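A.B. asks: this one's sequence-less:
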């Protein structure tokens, strides 16, 4: 008998004062949520932003690592004084914060004569960490227990994502479909509520208003790990839209 993949959950912990100040816009949450769900069936259930303050990082890491299968940390593993993520995670798990010899050798080869002390800092991490290789700028991320540390720079993070895959156990793939129609939410809210009640927890229905190409409308997005339930729910929604003589928009 083939065992079905169980639900896998994940939290994202964004670390950095630059995000909270508005100086830098986060681009990683949407990318990671999409990649994890479509490739591995891992659902992001929480995203949290904290400052570069050790006690706040430690508190969030311990909290999230207990609640979810995986915690993805972005930011704070660079060479500067305020990059304290690796050190904070080492303290959270009571691990020695020390040089990873493999990481040190990777960085030494990459930088050559320019391998100075700040760059050496990027090889320091909790003892026992496994490396996530970085094809863009050499400095590796790492995983310790169920906590994964990646850089905050989106292009570098994206280049490393496939080297992360081997550490993640897949969950149930979530299927989705969407229907865009020319209406307002209040016109279909009651009916969508009834359909959601019918499918209870087997299908998730989301309603998202939009204004695009001069049209006011609603995108109805349905998600489920069971394709049969998704298709049945989709038909029910199409039926109420047609009964109300609401126009379905294509290509939106």
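C.D. replies: Sure, I can see it. The shown structure was predicted, so the numbers you read here are calculated from the model rather than taken from an experiment. Residues are numbered from 1 along each chain as shown.
A.B. asks: can you get me a residue count around residue 129?
C.D. replies: 25 (other C-beta atoms under 10 Å). All C-beta spots, glycine's among them, are computed from the backbone N, C-alpha and C.
A.B. asks: the residue lying closest to it once chain neighbours are set aside sits in which helix or strand?
C.D. replies: Once flanking residues are discounted, residue 129 sits nearest to residue 142: 3.9 Å by C-beta to C-beta, 6 or more residues apart in numbering. Assigned by DSSP states H and E, residue 142 falls within strand 138-144.
A.B. asks: give me the next element, helix or strand, following that strand.
C.D. replies: Strand 138-144 is succeeded, C-terminally, by strand 147-150 (DSSP H and E).
A.B. asks: the helix or strand just after that next one: how far from the chain's middle?
C.D. replies: Following strand 147-150 in sequence order, the next helix or strand is helix 154-164 (DSSP H and E). Chain-centre distance of helix 154-164: 12 Å, with C-alpha atoms, centre = their mean, to the nearest Å.
A.B. asks: now do helix 154-164, average pLDDT.
C.D. replies: Helix 154-164 shows a mean pLDDT of 96.
A.B. asks: what's residue 125 in contact with, if anything?
C.D. replies: 77, 86, 89-90, 97-98, 100, 103, 142, 144, 149 (C-beta atoms under 8 Å, 6 or more residues apart in numbering).
A.B. asks: so it sits in a strand?
C.D. replies: Yes. Assessed by DSSP: H, G, I helix; E, B strand; the rest coil, residue 125 belongs to a strand.
A.B. asks: give me the pLDDT value at it.
C.D. replies: Listed pLDDT for residue 125 reads 98.
A.B. asks: partners of it in the sheet?
C.D. replies: residue 98 (DSSP bridges).
A.B. asks: just the terminal-to-terminal distance for stretch 60-80.
C.D. replies: 22 Å (C-alpha to C-alpha, to the nearest Å).
A.B. asks: cool, and stretch 168-177?
C.D. replies: One end of stretch 168-177 to the other measures 26 Å (C-alpha to C-alpha).
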